[in-house]
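1. Below are the sequence and a predicted model; questions follow.
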Amino acid sequence: MPETLNAAPPLRSLLYMPASNTRAVDKARTLPCDAVALDLEDAVAPEMKDAARTSLVEALAEGGFGHRGLIARINPLGSLWGKADLLALAGCPLDAILAPKVNDAADVVALSVAMDGAGYDPAVRLWVMIETPQAVLALERIAAAAKVSRLAGFVLGLNDLAKETGMAQVPGRAGFVPVMVQALMAARAYGLVVLDGVCNAIDDPARLEDECAQARALGFDGKTLIHPSQIEIANHVFAPGEGEVAEAQAIVTAFADPANAGKGALKVGGKMAELLHRDMAERLLAKAAAIAAR
């Protein structure tokens with residue numbers, strides 16, 4: 001099992017905030033999201049790119065984001081602004097760089113090499129957007145690049161994928177489920193974090209909750225968000241419930257009982273539990289504890 005699965009800090013909610021909006025960035029320091037994606041790409045108009053980059057570097061230097069993971073989404077490396085973004089952010093206190101419009105493993109390696117050349121701390125990871133048909137067709141190869149690069153995460157970009165393919169973003173997201181499953185499989189095969197795409201329906205909390213529940217059931221670590229009002233729902237859905245915690249604790253306790261030493265399967269709460277269920281229960285309890293510590 002990839003060691004990153006539930007071993008890293010919780011990433012139930014990743015909120016996009018435009019780096020060009022200083023008030024929004026200030027507000028991000030107070031919100032209960034697990035991580036913030038300070039955005040230089042889609043949320044910033046072309047004429048504001050340079051100013052947004054400068055503001056982002058200043059905001060990161062100022063700090064004050066507390067426990068929140070800090071991710072900076074740059075412009076595509078081949079764009080007018082991508083290289084400048086990458087160079088300017090070297091040395092900033094970040095957890096990851098999020099790169100859009102990645103199409104294949106070669107793009108991942110090029111980004112990682114560029115980060116190395118710019119002098120990024122080895123602890124700063126690379127996350128990539130899965131948002132093009134080419135990326136979907138190359139999911140396994142892209143994930144495998146983690147073995148030779150800084151790659152540590154996938155973020156789905158379903159809005160861009162809908163634009164490129166004509167797939168409809170309807171409730172239930174039936175057309176996107178195969179992509180979600182393949183992204184999850186590729187991510188888990190190589191120990192990557194994987195986050196669901198955004199829900200555009202800001203005024204439809206029921207739809208957001210459905211999407212979060214769907215993504216969690218598929219195994220995703222959390223969801224990307226576009227508005228602070230969406231944080232509470234994402235945090236709730238992606239957190240273990242009281243019943244789940246109680247069941248997990250019962251499984252761990254049963255296997256820890258000296259009377260059950262050496263047993264590979266036990267009946268716990270009317271269900272058969274094997275060692276793999278104990279391992280899953282331990283991860284769930286670790287995640288619940290990490291969330292409680294927030």
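-> Great, that's in hand.
2. What residue, apart from its backbone neighbours, is nearest L38 spatially?
-> Distances taken as C-beta to C-beta, 6 or more residues apart in numbering put A19 closest to L38, at 4.7 Å, once the chain neighbours are dropped. In this view, the C-beta of every residue, glycine as well, is placed from N, C-alpha and C.
3. Go ahead and confirm that neighbour touches D39.
-> Yes - assessed by C-beta atoms under 8 Å, A19 is found in contact with D39 at 5.8 Å.
4. all strands of the stretch 1-150 of the chain, in order?
-> Taking DSSP state E, counting those that start in this stretch as the test, the strands found in the stretch 1-150 of the chain are 13-18, 35-39, 69-73, 96-99, 125-130.
5. Please apply the same query to the stretch 151-294 of the chain.
-> Using DSSP E, counting those that start in this stretch, strands in the stretch 151-294 of the chain cover 151-156, 193-196, 222-225, 265-268, 271-274.
6. burial of the residue nearest to L38, as a residue count?
-> The number of residues packed near A19 is 28, by other C-beta atoms under 10 Å.
7. Next one: it from W81, what distance?
-> Counting by C-beta to C-beta, to the nearest Å, the gap from A19 to W81 is 12 Å.
8. got any residues that touch both of the two?
-> Applying C-beta atoms under 8 Å, 6 or more residues apart in numbering, one finds that A19 and W81 are jointly contacted by L40, R53.
9. Next, count neighbours for the nearest residue to Q214 once chain neighbours are set aside.
-> Computed as C-beta to C-beta, 6+ apart, the closest residue to Q214 that is not its neighbour in sequence is R173, at 6.9 Å. By the measure other C-beta under 10 Å, the count of residues near R173 is 21.
10. Run through the residues that contact R173.
-> Counted by C-beta under 8 Å, 6+ apart, R173 has contacts L158, M180, E211, Q214.
11. swap in D34?
-> D34 sits next to P9, P10, L11, R12, S13, L14, H67, R68, G69, G222, N235, R294 when contact means C-beta under 8 Å, 6+ apart.
12. Quick one, which of those residues are buried?
-> Using 16 or more other C-beta atoms under 10 Å as the burial test, these include P10, L11, R12, S13, L14, R68, G69, G222, N235 as buried.
13. How about the spatially most central residue of the chain, nearest residue that isn't a chain neighbour?
-> The residue lying closest to the centre of the chain (C-alpha atoms, centre = their mean) is L195, at 3.6 Å. Nearest residue to L195, sequence neighbours excluded (C-beta to C-beta, 6+ apart): V155, at 4.8 Å.
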